[in-house]
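> here is a sequence together with a model predicted from it:
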Amino acid sequence: MRTLGIDLAAEPAGTAACTITWAAGAATAEVERGLNDDDLRGRIAQADKVGIDCPFGWPADFVAAIVAHSRRERWPGRGRSGIKGRHPLRFRRTDDDVHERAGLWPLSVSSDRIGVTAMRCAGLLDALAADGCPVDRAGGGRVAEVYPAAALKCWGLRRPGYKQSPAILAGLLAVIRGAAPWLRLDTDAADLCARSHDALDALVCALVARAVALGRTAGPKPEDAEAAAVEGWIHLPEGGLAELAP
């Protein structure tokens, strides 16, 4: 099995990818940065399962509100004021689910800067479909939406501040390697993950992709299936990191 993790950014310079090849007794990781869309499409074509750290869609209520506003129709949120009233426009059903399960709020794709990256992701998903790789935004196809920070918390490995502190970042990598002794990183890959949070997030995405492939993540419940098919669904791992061992 080969899994791919992508820490997507709005531009190639901030985009990292990690490919893990799973064989008997070991999982070998290769990490790289600076990938454009063609690079990503090529890596995805060679992977069995792909975890992408980026929203696959926007809140359905937000889309409906923007369409109504553009047509000069009644604003769907009329009469609802404050943060609570705007919640359905800011967060998807999967975001609520992540908060319920992990106690973290993903960035709002409709009101935070992650929206720019989501535009790139939408174009990438469209290109994959055109390449003959149908995309199930709920994660049932080759690609699945993942969230590294929440995945680390589910595994009991989260270290807040790793994106700001080189020391915490290096410590987090050591913790991950300690929890997964079967994970093989050469010197260059280990060095990159120890100094780039984008690279380490890509590594986590590739590990979560393995969990998705093994059916060890929390997919949408039946009542959330319709929303997940449109808005996307963040797959959180169930069980420990050790359960992914080859």
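Received, thanks. Numbers count the residues shown, from 1 in each chain.

> residues near Val212, how many?
Using other CB atoms under 10 Å as the criterion, Val212 is surrounded by 23 other residues. The way it works is simple: take the backbone N, C-alpha and C, and place the C-beta from them, glycine included.

> from Arg120, how far off is Cys133?
Using CB to CB, to the nearest Å, one gets 17 Å for the distance from Cys133 to Arg120.

> next: Gly34.
Applying CB to CB, the value for Gly34 to Arg120 is 14 Å.

> so those two - more neighbours on which side?
The residue with more neighbours, out of Gly34 and Arg120, is Arg120; 18 against 14, by other CB under 10 Å.

> wait, that one sits on Ala10?
Yes. Here Arg120 lies in contact with Ala10, judged by CB atoms under 8 Å, at a distance of 5.8 Å.

> now the helix or strand containing Cys193, how far from the centre of its chain.
Element membership for Cys193, per DSSP states H and E: helix 187-195. Here helix 187-195 is found 21 Å from its chain centre; the criterion is CA atoms, centre = their mean, to the nearest Å.

> for it, list every residue counted as buried.
Along helix 187-195, these residues count as buried under the neighbour rule (16 or more other CB atoms under 10 Å): Ala189, Ala190, Leu192, Cys193, Ala194.

> find the nearest non-adjacent residue to the last one, please.
Once its chain neighbours are removed from consideration, Ala194 has its nearest residue in Ala170; the separation is 4.5 Å (CB to CB, 6 or more residues apart in numbering).

> show residues contacting the helix or strand harbouring that neighbour.
Taking DSSP H and E as the criterion, the element that holds Ala170 is helix 166-179. The set of residues that contact helix 166-179 without belonging to it, under CB atoms under 8 Å, 6 or more residues apart in numbering, is 152, 155, 157, 159-163, 183, 185, 190, 193-195, 197, 200, 203-204, 240-242.
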